[in-house]
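Trainee: Predicted model follows, preceded by the sequence.
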Amino acid sequence: MDQLDLLQGIARISVFVSLLMAFFLLTVKTENKLANRLFALFFIFSAIDLSGFFIYLYTEDHRNLEIFRATFCLLGMPSFYLYVLSVCYSDFKLKWKHLIHLLPFVIVNLIFIPRIYLSIVNGNFIGPLNEMSEIYFIQILIEFQYVFYIVSVFLILKKYKEIYLENYTNPSVSTYKWLFQMTCVFLVAHSIVLLKNILRYSGFKEVFLWANVLVGTIALFITCWFIMKALKYPELFRGVNSKLVLTKDILPEIDEKPEAVNQQNDLINTQISTLKQYMTEKEPFLDPSLTIQELANQISIPVRDLSILINHHIDQHFFDFVNEYRIQKAMQILRDQSKNQLTVLEILYEVGFNSKSSFNTSFKKYTNLTPTAYRNS
């Protein structure tokens, strides 16, 4: 089997698996249907792109269709970008303004490709496609588009993580980890694709063929990885409200007069004392899904003021602030000889955690010991 046969075989499997994943996403029952549909679109566009490794065998008499198919790669990253938004923000909805993400695809087909289309339709000889200025431009446009969307996704994830830590206490941040891992994988994979494209315009034809085989194999691996993640973590995602803002963006202006400063400090100290007393006596942190909005309602403090109090004046994320009380409660139980029969798993659920890995990570962060080592000591 030569490189072309191997490449076509891998590409066919990758296209089949991608379309199978798209079908699964479109038919599975879930609350976040928009995210699944956008992710399914991403897989469909990826399948169309990957089909280029073998579809040319059937489109020799319709080269204009083959070129049109190749432009669908310009829709992959926009669909992934919108997917990330829909996963991160529970109130995300598609709007007319999002049609702007179609512009590269539309511009290429209306402005830069027509000369190639018309030449093929009229039967004119246009020479090797790889040497045409339009093809060079499209390749450059694809690279700029990829950089733009990758950077945009990383910025979205950065803001999402900050908002999550300031407003939620569920120790599971699997959404962020999943999307971050996925984006990093895409970045590495596209770097290899970029290297392959550089080889395309060099004299290393043999190396270029093997580079295509490598790209096809990576695409298949990534798709299979997505499927395994989806099967292992069917309830992976939990979005945050996009209207939530970071504490640093809502800090009030400070009156510099000494009397006002002293009065404000007294108020802040009183609120901190009240908050800590409530956390110790009422133990609201035992609720694994506690949010800053719920805690604000319980102690009758506006959520904006509570966010500033914890994230700015106490200088802790709400996530860390609540988990510290959970860890202290867990330490108390682990020291209690009468509760030796309780397993670590039972204790972590009792104090408000819902993940063993998250509990172990947080416990070690505060004590430098694992729960079992702490109990034995």
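Mentor: That came through fine.
Trainee: Contact partners for the spatially most central residue of the chain?
Mentor: Nearest to the mean C-alpha position of the chain, counting by C-alpha atoms, centre = their mean, stands residue 179 at 2.3 Å. Residue 179 sits next to 84, 87-88, 153, 157 when contact means C-beta atoms under 8 Å, 6 or more residues apart in numbering. For glycine as for every other residue, the C-beta is placed from the backbone atoms N, C-alpha and C.
Trainee: Would you tell me what helix or strand it is located in?
Mentor: helix 174-200 (DSSP states H and E).
Trainee: before we move on, back to that, out of the contacts of residue 179, which is nearest to residue 168?
Mentor: residue 88 (12.6 Å; C-beta to C-beta).
Trainee: State the number of residues packed around that closest one.
Mentor: Neighbour count of residue 88, defined by other C-beta atoms under 10 Å: 25.
Trainee: How about residue 333?
Mentor: 19.
Trainee: Contacts made by the helix or strand harbouring residue 83 with the rest, please.
Mentor: Using DSSP H and E, residue 83 sits within helix 76-88. Residues external to helix 76-88 that are found in contact with it (C-beta under 8 Å, 6+ apart): 32, 34-35, 38-39, 41-42, 45-46, 49, 92, 94, 98, 101-102, 145-146, 149-150, 152-153, 156-157, 160, 175, 179, 183, 186, 237, 239-240.
Trainee: Quick check: the residue nearest to the centre of the chain vs residue 188, distance?
Mentor: 15 Å (C-beta to C-beta, to the nearest Å).
Trainee: Packing partners of the biggest helix by length in the chain?
Mentor: The longest helix of the chain (DSSP state H) is helix 133-167. For helix 133-167, the packing partners by 3 or more C-beta pairs under 8 Å, 6 or more residues apart in numbering; DSSP states H and E come out as helix 76-88, helix 174-200, helix 292-299, helix 318-335.
Trainee: Tell me which of those sits most buried.
Mentor: Most buried of the helices and strands packed on helix 133-167 by mean neighbour count (mean count of other C-beta atoms under 10 Å) is helix 76-88; its value is a mean of 23.
Trainee: so for that one, what's the average pLDDT?
Mentor: Helix 76-88 carries an average pLDDT of 90.
Trainee: Output the below-cut-off pLDDT ranges for the stretch 101-250 of the chain.
Mentor: Counting by pLDDT under 70, the stretch 101-250 of the chain has low-confidence residues at 112-133, 169-174, 200-211, 227, 229-250.
Trainee: Go again with 50.
Mentor: Residues of the stretch 101-250 of the chain meeting the criterion pLDDT under 50: 125-126, 171, 237-238, 240, 242.
Trainee: Just put the helices and strands packed on helix 133-167 in a markdown table and tack on distance to residue 373.
Mentor: Listed next are these as a markdown table, based on distance: least, C-beta to C-beta, whole Å:
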| stretch | distance to residue 373 |
| --- | --- |
| helix 76-88 | 36 |
| helix 174-200 | 25 |
| helix 292-299 | 31 |
| helix 318-335 | 10 |
